[in-house]
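Visitor: I would like to see how this sequence folds:
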Amino acid sequence: MKNDALRTRCTRSLLIMALVLIPVARGLAQESPFTASMKATMVQPAASGAFIQHSYVRSTEIGEQKHRFWDRENTILFTAVGASAAADFCVTRANLANGGIELNPVTRVFAGSTTGLAFNFVGEAVGTMGVSYLFHKTGHHKLERLTSFVEIGSSVGAVGYGLTHR
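Guide: This is a model prediction of the structure:
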């Protein structure tokens, strides 16, 4: 009985995560965050026939407007980070309740109780936001977004592994 309720909650979490990630993927597919603002070294002919070599410049130096940290894209990404962490928590807790073991050595320290496990996953989500904010403040806006993608991918991978190895 308890496992059926837990399985239902995990299924709902995965559905919510899918509903969040699909619009995120579609919105970000319009323009790749890795190629949009980076200008590589280029050689162009000048008006006099000589060649001018352009060097790498940061995206904020070439006219890209700075953005607020809590813009629409980061809000969507952080929502997806939270949803994927919640799904990872549900699947991990269900597997531990059925006699499974935690494979992540850092998370294994917290796997003794539900509260500790929840603390771990909340900490991962908040840590992702903190690292993303650090990248934002230092002007590394592509890394700011990439941090969330890495965390989402990690959690979704763990959920998929946990669901297939019950």
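
Visitor: Just the element for residue 94, please.
Guide: According to DSSP states H and E, residue 94 maps onto helix 72-97.

Visitor: Any buried residues in the helix or strand following that helix, and which?
Guide: Sequence-wise, the next helix or strand downstream of helix 72-97 (DSSP H and E) is helix 105-110. Of the residues in helix 105-110, those buried by neighbour count under the rule 16 or more other CB atoms under 10 Å are 107, 110. For every residue, glycine as well, the C-beta is placed using N, CA and C.

Visitor: same question, stretch 68-85
Guide: For stretch 68-85, using 16+ other CB under 10 Å, the buried residues are 73, 74, 76, 77, 78, 79, 80, 81, 82, 83, 84, 85.

Visitor: what do you get for stretch 99-118?
Guide: Buried-residue list, stretch 99-118, by 16+ other CB under 10 Å: 100, 102, 107, 110, 111, 117.

Visitor: what about residue 141, how many residues close to it?
Guide: By other CB atoms under 10 Å, the residues close to residue 141 number 21.

Visitor: For residue 160, state which of the buried residues of stretch 68-85 is nearest.
Guide: residue 84 (10.9 Å; CB to CB).

Visitor: Which residue ranges of this structure form strands?
Guide: 42-45, 51-54 (DSSP state E).

Visitor: Compare the mean pLDDT across those strands and name the weakest.
Guide: Sorting those by mean pLDDT places strand 42-45 lowest, at a mean of 52.
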